[in-house]
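Sequence and predicted structure, then a few things I'm wondering about:
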Amino acid sequence: MSNVDQALDALSLRDQPEDEIVVDAEIVDEGALVIVEEPPVRPRVDHNTVLYPGQAVPTTADPSTQYTERDLYVSEETRQILEETDPTDSGPMRAFKEWCAEQGRVAVPCTTATFTEYGRHLMNRELKVSTIKNYMSRIKTAMPAGKKPDNSLYLRLLANCRKKNKRAVRTRQAFPLTLPYVVPMMEKAEADGRPIGIRDAAMFAFGYRFLGRSIEDADVMIEDLTVLDDRVVVWLAEDKTHKNEAQTIPLKDRPDIQLVRRLRRWLEYLASVGITTGPVFRHLLKNGMPATEETRARTATTRGVHLRGHVVNEGVKHWFAKAGLVSDGRPVTSHGLRAGATDLAEAGATDQELEEAGRWAKGSSIPRRVYVRPAEAGKKDPFDKVPSTTRRPPMGLPRGGQGRQDRSHENSRHRRYLVPGQVHCGGSTGERVVCDHLQPGAVRP
């Protein structure tokens, strides 16, 4: 009933005599009626509320603040993106959830005790400190806002672990794939003309010159490359160091790397099978054809047609071995392709030049600590100042370093050494000694 109808009814009742008014009602027992009080009107504000001068404080009685189901749901497209980027679905979080299920603990949101105990569990597995810190940081970040655990207790355990297990802080650097290694790898990969070899040769050339992390190499898109005759220009939306900061990076070609030739050859192959956009370095099927989104959706739900990190890693190991190369014991990984920085350091590049070439943060210690210092140490050795010699030890010097002297002449100012083959009696003991060492300049009798 509208407000107008209600007003008309009220006027009609007012004009009728009281004994003729019929009221629609129901007889109930005494005490059955309950007076229902309206909930008090409260202001609907929190610490994020901002009001303009003269604007009324919103209350619970304000129709504009009454939420419906429409205000609670997101669209299907938004749901898909949120699920794909869910921080609770990362590898460390999946392992954490499995451990919590085994232990009968709640994973999300977890308590500080659960978080601390899982940290000790990782330490008992003798993982590297850097790995533990990475896992625990990602787990804490995945917790809902306002319900993140306190990490102070876990950090105390980690400090104790570092103190008792010195090897836990050791980091092993990848074997540097400098020019003498990466060039034969590329030549071996593209020798038979197979698509996978053409792709990997182009990827190695690009990785060496780009000085990027392997995942950054695999994320480069065709539309972000401009291939010129003497260089390749890369547009990079962001990287680990430059968040939300686009960069345009020119990669000048070299006769030994032949980046332009190798990259053009790979892009021409992709164009021949109808691919002109998307990832530059993508997954290939066994027959050499690029995989489709539908094919990869069954096994690579996150990366899709992009190369995954472990595939790049396996490719580096494969062609390193096929080229007959041998490392110095350090592991051969895709990160070794960043060894262009090693070549730069050995050629005398400054810290600033390395920072710019590898896109490290200004003032970062990584270029000097990882590349410059090892290169400088390899060029010079303090023991190089000691002249090389083939001189033999003084005559009469035994292994202990003390010369056996003729004790019958202990009081003599000039002590003499024995000539090899000379036999004498040793002072008060009468011990017979045969000298086997030739005094420099002496002639065997």
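Noted; the coordinates are in hand.

low-confidence ranges in the chain?
For the chain, residues meeting the criterion pLDDT under 70 lie at 1-36, 167-171, 297-302, 375-378, 390-391, 393-445.

and the closest residue to Ile366 other than its chain neighbours, what helix or strand is that in?
Nearest residue to Ile366, sequence neighbours excluded (CB to CB, 6 or more residues apart in numbering): Trp360, at 5.6 Å. C-beta: built from backbone N, CA, C; applies to glycine. Using DSSP states H and E, Trp360 falls within no helix or strand.

From Pro87, how far out is Trp360?
Here the criterion is CB to CB, to the nearest Å. By it, Trp360 lies 26 Å from Pro87.

Please identify which of the two sits among more neighbours.
Taking neighbours as other CB atoms under 10 Å, Trp360 and Pro87 compare with Trp360 leading, 19 against 12.

Tell me which residues touch the more buried one, please.
Neighbouring residues of Trp360 by CB atoms under 8 Å, 6 or more residues apart in numbering: Thr241, Leu354, Ile366, Pro367.

repeat that with 7 Å
Thr241, Ile366, Pro367 (CB atoms under 7 Å, 6 or more residues apart in numbering).

got it, and Val233?
Residues near Val233 by CB under 7 Å, 6+ apart: Thr226, Thr248, Pro250.

burial of the second one, as a residue count?
Residue crowding around Thr248 was assessed by other CB under 10 Å; the count is 10.

Check the last one too.
The number of residues packed near Pro250 is 11, by other CB under 10 Å.

One more: the first one?
Number of residues near Thr226 (other CB under 10 Å) recorded here: 12.

Would you double-check that it falls in a strand?
Yes: assessed with DSSP: H, G, I helix; E, B strand; the rest coil, Thr226 lies in a strand.

May I ask which helix or strand encompasses the nearest residue to it once chain neighbours are set aside?
Closest residue in space to Thr226, ignoring its immediate chain neighbours: Val233 at 4.1 Å, by CB to CB, 6+ apart. Assigned by DSSP H and E, Val233 belongs to strand 231-236.

That strand pairs with which strands, parallel or anti?
Note on strand 231-236: by DSSP bridges, its sheet partners are strand 225-227 (antiparallel), strand 247-252 (antiparallel).

From Lys148, how far off is Cys110?
Separation of Cys110 from Lys148 (CB to CB): 9 Å.

Who has more neighbours out of these two?
Neighbours of Cys110 and Lys148, each counted by other CB under 10 Å, are more numerous for Cys110; the result is 23 against 16.

dump the residue contacts of that one.
Counting by CB under 7 Å, 6+ apart, Cys110 makes contact with Met143, Pro149.

Could you report the separation of it from Ser272?
Distance of Cys110 to Ser272, computed by CB to CB: 52 Å.

next one: Glu84
Remark: distance between Glu84 and Ser272 (CB to CB) = 32 Å.

Repeat that for Asp351.
Asp351 sits 44 Å away from Ser272, going by CB to CB.

More neighbours: the two, which one.
More neighbours surround Asp351 than the other of Asp351 and Ser272, with 18 against 8 (other CB under 10 Å).

follow-up on the earlier one: ok, the contacts of Val233 vs His306, which is closest?
Thr226 (20.5 Å; CB to CB).

mind listing the strands for the stretch 301-445 of the chain?
Taking DSSP state E, counting those that start in this stretch as the criterion, the stretch 301-445 of the chain carries its strands at 423-426, 431-434.

Quick check: Glu77 vs Asp89, distance?
According to CB to CB, Glu77 stands 18 Å off from Asp89.

Please say which of the two ends up with more neighbours.
Remark: of Glu77 and Asp89, Asp89 carries more neighbours, 13 against 8, as counted by other CB under 10 Å.

and the helix ranked longest in the chain, how far out from the chain's middle?
Criterion DSSP state H: the longest helix present in the chain is helix 195-210. How far helix 195-210 lies from its chain's middle: 22 Å, per CA atoms, centre = their mean, to the nearest Å.

list the helices and strands that helix packs on?
For helix 195-210, the packing partners by 3 or more CB pairs under 7 Å, 6 or more residues apart in numbering; DSSP states H and E come out as helix 179-189, helix 214-219, helix 259-272.

Among those, which comes closest to Thr68?
Of all these, it is helix 214-219 that lies closest to Thr68, at 41.2 Å by CB to CB.
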